[in-house]
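Participant: generate coordinates for the sequence data below:
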Amino acid sequence: MSFVNPKMEVLEKLILSNFVDMIGKESFFLTLDDAVKASQYSLCKLKTNGPEEAIPETSVV
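Facilitator: Purely as a prediction, here's the structure:
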């Protein structure tokens, strides 16, 4: 699950409710292009290295 460019009000509520901590900051992106690239990277890593290496190191939030 990924979130792309959420409005500030929504993002603040997600942070206050600890939802961001629950799903991880790496699920939030400023642009759709960033989200797609991160998903492609994760899929590529998953295919080559297994699930432990599938999450990219960068995050937006």
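Participant: buried ones in the host helix or strand of residue 36?
Facilitator: Taking DSSP states H and E as the definition, residue 36 sits inside helix 32-49. Neighbour-count burial for helix 32-49, with 16 or more other C-beta atoms under 10 Å as criterion, is recorded at 34, 35, 38, 42, 45. Every residue, glycine included, has its C-beta placed from N, CA and C.
Participant: export the residues you listed as TSV, with columns for distance to residue 2 and pLDDT.
Facilitator: Converted to TSV, these look like this (distance: C-beta to C-beta, whole Å; pLDDT from 0 to 100):
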residue	distance to residue 2	pLDDT
34	9	97
35	5	96
38	7	94
42	10	90
45	16	88
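Participant: list the helices and strands the helix holding residue 36 packs on?
Facilitator: Packing contacts for helix 32-49, counted by 3 or more C-beta pairs under 8 Å, 6 or more residues apart in numbering; DSSP states H and E, involve strand 3-4.
Participant: what does the strand it packs on contact?
Facilitator: For strand 3-4, contacts defined as C-beta atoms under 8 Å, 6 or more residues apart in numbering pick out 14, 27, 28, 29, 30, 31, 32, 34, 35.
Participant: just the CA coordinates for the helix holding residue 36, please, in PDB.
Facilitator: Taking Å, rounded to 0.1, in the frame of the first residue of the first chain, the C-alpha atoms of helix 32-49 are listed here in PDB:
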ATOM      1  CA  LEU A  32       3.200   9.100  -8.400                       C
ATOM      2  CA  ASP A  33       6.500   8.600 -10.300                       C
ATOM      3  CA  ASP A  34       8.400   8.200  -7.000                       C
ATOM      4  CA  ALA A  35       5.800   5.600  -5.800                       C
ATOM      5  CA  VAL A  36       6.100   3.600  -9.000                       C
ATOM      6  CA  LYS A  37       9.900   3.700  -9.000                       C
ATOM      7  CA  ALA A  38      10.000   2.500  -5.400                       C
ATOM      8  CA  SER A  39       7.500  -0.300  -6.200                       C
ATOM      9  CA  GLN A  40       9.600  -1.400  -9.200                       C
ATOM     10  CA  TYR A  41      12.700  -1.300  -7.000                       C
ATOM     11  CA  SER A  42      11.100  -3.400  -4.300                       C
ATOM     12  CA  LEU A  43       9.900  -5.900  -6.900                       C
ATOM     13  CA  CYS A  44      13.300  -6.200  -8.500                       C
ATOM     14  CA  LYS A  45      15.000  -6.700  -5.100                       C
ATOM     15  CA  LEU A  46      12.400  -9.200  -4.100                       C
ATOM     16  CA  LYS A  47      13.100 -11.300  -7.200                       C
ATOM     17  CA  THR A  48      16.800 -11.200  -6.800                       C
ATOM     18  CA  ASN A  49      17.500 -11.100  -3.100                       C
END
